[in-house]
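>>> quick one, what's the 3D model for this:
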Amino acid sequence: MRLNDPLITSFEYEGTEYEINLAFDNVLDVFDVIKIPYLHPFEKAKKCLEYLLVDETLETETIIELWNFIFETFIEFEEKKPIQYDLKGNPMPTEEDEDEEEYSDIEQDAEYIYASFRQAYGINLFQEQGKMQWSEFKALLHGLPNNTVFRQIMQIRAWEPSKHDTPETKKEMEKLKRIHALKEVE
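Coordinates of the predicted model:
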């Protein structure tokens, strides 16, 4: 995201201009489609494009490639980690993120995200449906202060006991971790 670039309403792919609606609620609908287990990848791609593209009739052979381009370019929800360098200026090896536990889920935490947007920014996400762009939503979500309910829930999930914690603190935090644990998704 660059502040001096306009919000994306269209893009060019292989010489064709496409209008796209990247309202955050459309993107969340796309995430719902991606999770449907019985849909074939082609059907998922086609349905996702129906949510995002404005009045487009697509050739069957371009659907998967176009969907992959849109997802990787405009939607993918990952933070880029800074590259660390050693004293000689060489990039240092990084640990694999595969073992890193997830502490949030955009679907399961929807009410906490909603409450945190209201708490931190005074934004009613229901009133922003169809208006707030995905890039805006991601930026605001990543920028939520630590005193918001969503960040506090994430801190509870990430908590690990230390030797300095009292037995009462450990017991209370374990209880909170159970209460706020993410449910297993099939």
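>>> would you confirm that Ser116 contacts Asn147?
No: counting by CB atoms under 8 Å, Asn147 is not a contact partner of Ser116; they are 9.4 Å apart. C-beta coordinates here come from the backbone N, C-alpha and C atoms, glycine included.
>>> between the two, which has more neighbouring residues?
Ser116 (24 against 10; other CB atoms under 10 Å).
>>> in CSV, list the C-alpha atoms belonging to the helix or strand where the more buried one lies.
Element membership of Ser116 [criterion: DSSP states H and E] is helix 110-121. Output of helix 110-121 as CSV, limited to C-alpha atoms (Å, rounded to 0.1, in the frame of the first residue of the first chain):
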residue,chain,number,x,y,z
ALA,A,110,-15.1,-11.0,13.5
GLU,A,111,-16.9,-9.6,16.6
TYR,A,112,-13.6,-8.7,18.2
ILE,A,113,-12.4,-7.0,15.0
TYR,A,114,-15.7,-5.1,14.7
ALA,A,115,-15.5,-4.0,18.3
SER,A,116,-11.9,-3.0,18.0
PHE,A,117,-12.6,-0.9,14.9
ARG,A,118,-15.4,0.9,16.8
GLN,A,119,-13.1,1.3,19.9
ALA,A,120,-10.0,2.5,18.1
TYR,A,121,-11.3,4.4,15.1
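>>> burial measure for Glu56, as a count.
Other residues within reach of Glu56 by the criterion other CB under 10 Å amount to 13.
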